[in-house]
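In: Requesting a structural model of the entry that follows:
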Amino acid sequence: AAIVETTRLGGVRLRAEQNPDGGWPFQVGNNVCGAGAASCTNTIGTTGLGLLAAYVRFNDAATLAAAMKAGDLLVARANLALAQATPPSPVSRDIEFLVALADVAQDPLKAPAYANAARDWFNVTVTKFPNAAQQVDSYLDKRNAQGLRSLAAWDAASYIRAAKAVGSTSRAIDAATRIIQREIDWKDKDPSHRFDRCGDPGGCGQPGNLLSYDYTSIGTGSLLWGIHDLPGFDSSIAEYRDFLITQQDAAGSWDAGDLQMTSFVMMGLAAVGGPQANAAIVSAANYLLAHQFPAAPAIGGWPAEGSAVDPSSEFPEVDGEIVRAMATVFSTPTGANIAVVPSQLSTVIFSSVTSPGQTTVVAVDQATVPATSNGYEIVNSLTYEVATTAEVSGDIVVCFTVSSIDDPDAFAALRILHGEDGVLVDRTI
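Out: Numbers count the residues shown, from 1 in each chain. Modelled structure (predicted):
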């Protein structure tokens, strides 16, 4: 009940922080993006995704209206960008937000406008970088110039999710492959390099990338969230999950109370699940619960750092990310005909849920599932483990998006096979 209420209050807070144009300031009361705490162009989508997480939980019309206001702003920005001779690339989380908004918007004109804007703006990146590896390399180059090379993994994870959102799963796989190929450039798992554990408060990580350990945490958490439903990344999923579980602070946070990092790690662990991951998520949720502002003027929001108590340390972007993270906890609520979306490429519908829990859909190695027979063959190595900790009864319906197959006849021939007593059984409906 406490988690549900904190998510609701977070959604209310995001509405209160929203500017009339549909965006949000970088920091509450901050003029870094313009006078009067003007909206920042790079935080609209990620903050809006927090609103959508609250809306999906509570089906509140005011929250959906606020999300659509943000969507209208992004459509206007997309149109301006696309009208240029050389359109600027979008913010990846803007693309993910627009597609998610199109799926829930109750407006027959605006819903396709959101989806079309997302698709057309995303295609700017394809034109600019025909090979997804080039896109990932550009993130590494940009972050390297800033002395923040490990943050490129966070950027790449957002791009992977944007690619899946617009149906470009193959590009998502290519981007994921490239950022993992280049782990040597950004990954640092040495906890002695953490900013608060070394002799230099500026960090003791890789040369020219001194906060490499700290940003590896948010990078691997984000990548778990991005790659968990893509085939071929089993070993990386297992490695990242184990690393993050072992690096959790005793209080429940990651990186000494960094609430943004904690949120992204929670979302990554929630995507892959498992007993240890689920326990870590609950501990993190309790940490976030304990640090939510309890009173006006910032009731429902959070500081960026767990050690802060001043409402002026609040960032709407971080509030949105925390709301999304909190919405992952016990993501399968009680009730009848409960539909959950444990990954961007799947939906699971339970006839009855009597006790809430976590539901996950994770891509697994084809070698770990029973062999096919009767003329069936696995398509594109698409094998998944579907699991839930919720108490359920009745039918369970699992739906998958297979955007890599666009031929109607080939798609019609697809079947979903379920492993039962060592045999794959056709359970397509």
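
In: Determine the number of other residues adjacent to residue 394.
Out: By the criterion of other Cβ atoms under 10 Å, residue 394 has 10 neighbours. For glycine as for every other residue, the C-beta is placed from the backbone atoms N, C-alpha and C.

In: a strand runs through it, doesn't it?
Out: Yes: under DSSP: H, G, I helix; E, B strand; the rest coil, residue 394 falls within a strand.

In: And for it, nearest residue in space, chain neighbours not counted?
Out: residue 351 (2.8 Å; Cβ to Cβ, 6 or more residues apart in numbering).

In: where does the stretch 1-150 of the chain dip in pLDDT?
Out: The stretch 1-150 of the chain contains no residues with pLDDT under 70.

In: all helices in it, in order from the N-terminus.
Out: Using DSSP state H, counting those that start in this stretch, the helices of the stretch 1-150 of the chain run over 2-17, 44-58, 61-82, 92-104, 110-128, 132-145.

In: returning to that earlier point: in the helix or strand harbouring the residue nearest to residue 394, which residues are buried?
Out: Following DSSP states H and E, one finds residue 351 within strand 346-355. The neighbour-count check on strand 346-355 (16 or more other Cβ atoms under 10 Å) flags 346, 348, 350, 353 as buried.

In: Please convert the helices of the stretch 1-150 of the chain to a markdown table, extending it with mean neighbour count and distance to residue 401.
Out: Conversion of those to a markdown table gives the following (neighbours: other Cβ atoms under 10 Å; distance: least, Cβ to Cβ, whole Å):
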| stretch | mean neighbour count | distance to residue 401 |
| --- | --- | --- |
| helix 2-17 | 20 | 26 |
| helix 44-58 | 25 | 18 |
| helix 61-82 | 19 | 21 |
| helix 92-104 | 24 | 12 |
| helix 110-128 | 19 | 14 |
| helix 132-145 | 18 | 19 |
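
In: Next, format these as JSON lines and append distance to residue 237.
Out: Compiled in JSON lines, these are given as follows (distance: least, Cβ to Cβ, whole Å):
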{"stretch": "helix 2-17", "distance to residue 237": "25"}
{"stretch": "helix 44-58", "distance to residue 237": "22"}
{"stretch": "helix 61-82", "distance to residue 237": "30"}
{"stretch": "helix 92-104", "distance to residue 237": "20"}
{"stretch": "helix 110-128", "distance to residue 237": "25"}
{"stretch": "helix 132-145", "distance to residue 237": "18"}
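
In: Looking at the ones you listed, which is nearest to residue 239?
Out: Of all the helices of the stretch 1-150 of the chain, helix 132-145 sits nearest to residue 239, with 18.7 Å by Cβ to Cβ.

In: Tell me how many other residues surround residue 269.
Out: Neighbours around residue 269, by other Cβ under 10 Å: 30.

In: Quick check: it touching residue 246?
Out: No: using Cβ atoms under 8 Å, residue 269 is not in contact with residue 246, being 11.9 Å away.

In: coming back round to it: quick one: strands adjacent to the strand holding residue 351?
Out: Sheet partners assigned to strand 346-355 using DSSP bridges are listed as strand 335-343 (antiparallel), strand 391-400 (antiparallel).

In: thinking again about what came up before, could you single out the nearest of the buried residues of strand 346-355 to residue 8?
Out: Nearest to residue 8 out of these is residue 353 (Cβ to Cβ; 19.4 Å).

In: Which residues are in contact with the closest one?
Out: By Cβ atoms under 8 Å, 6 or more residues apart in numbering, the contact set of residue 353 is 332, 333, 334, 335, 336, 338, 390, 391, 392.

In: middle-most residue in the chain, spatially?
Out: The centroid of the chain falls nearest to residue 225 when counting by Cα atoms, centre = their mean (5.4 Å).

In: any idea how far residue 281 is from residue 329?
Out: Distance of residue 281 to residue 329, given as Cβ to Cβ, to the nearest Å: 6 Å.

In: go on, residue 132?
Out: As judged by Cβ to Cβ, residue 132 and residue 329 stand 32 Å apart.

In: same thing with residue 105?
Out: 26 Å.

In: Between those two, point out the one with more neighbours.
Out: residue 329 (23 against 20).

In: where does the more buried one fall, phi/psi-wise?
Out: The phi and psi values for residue 329, taken as degrees, to the nearest 10, are phi -80, psi 130.

In: Taking helix 92-104 as reference, get the angle to the helix or strand hosting residue 156.
Out: Assigned by DSSP H and E, residue 156 falls within helix 151-165. Angle, helix 151-165 to helix 92-104, by axes from the mean of the first three to the mean of the last three Cα atoms, to 10 degrees: 30 degrees.

In: which strands and helices sit next to helix 151-165?
Out: Packing contacts for helix 151-165, counted by 3 or more Cβ pairs under 8 Å, 6 or more residues apart in numbering; DSSP states H and E, involve helix 92-104, helix 110-128, helix 132-145, helix 169-181, helix 183-186, helix 212-227.

In: want to throw those into CSV with distance to residue 6?
Out: Shown next, in CSV, are the helices and strands packed on helix 151-165 (distance: least, Cβ to Cβ, whole Å):
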stretch, distance to residue 6
helix 92-104, 21
helix 110-128, 28
helix 132-145, 32
helix 169-181, 31
helix 183-186, 33
helix 212-227, 20
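
In: Can you say which of the strands paired with strand 346-355 is nearest to residue 151?
Out: Among the strands paired with strand 346-355, the nearest to residue 151 by Cβ to Cβ is strand 335-343 (24.1 Å).

In: can you give me the mean pLDDT across the closest one?
Out: For strand 335-343, mean pLDDT rounds to 96.

In: Just the buried residues of it, please?
Out: 338, 340, 341, 342, 343.

In: what's next to that strand, contact-wise?
Out: So strand 335-343 is contacted by 228-229, 271, 331-332, 347-353, 359-362 (Cβ under 8 Å, 6+ apart).

In: and if we set it to 6 Å?
Out: 229, 331, 332, 347, 348, 349, 350, 352, 353, 359, 360, 361 (Cβ atoms under 6 Å, 6 or more residues apart in numbering).

In: Surely the fifth one and residue 397 touch.
Out: I take that to be residue 348. No: in this structure, residue 348 is not within contact of residue 397 by Cβ atoms under 6 Å, at 7.2 Å.
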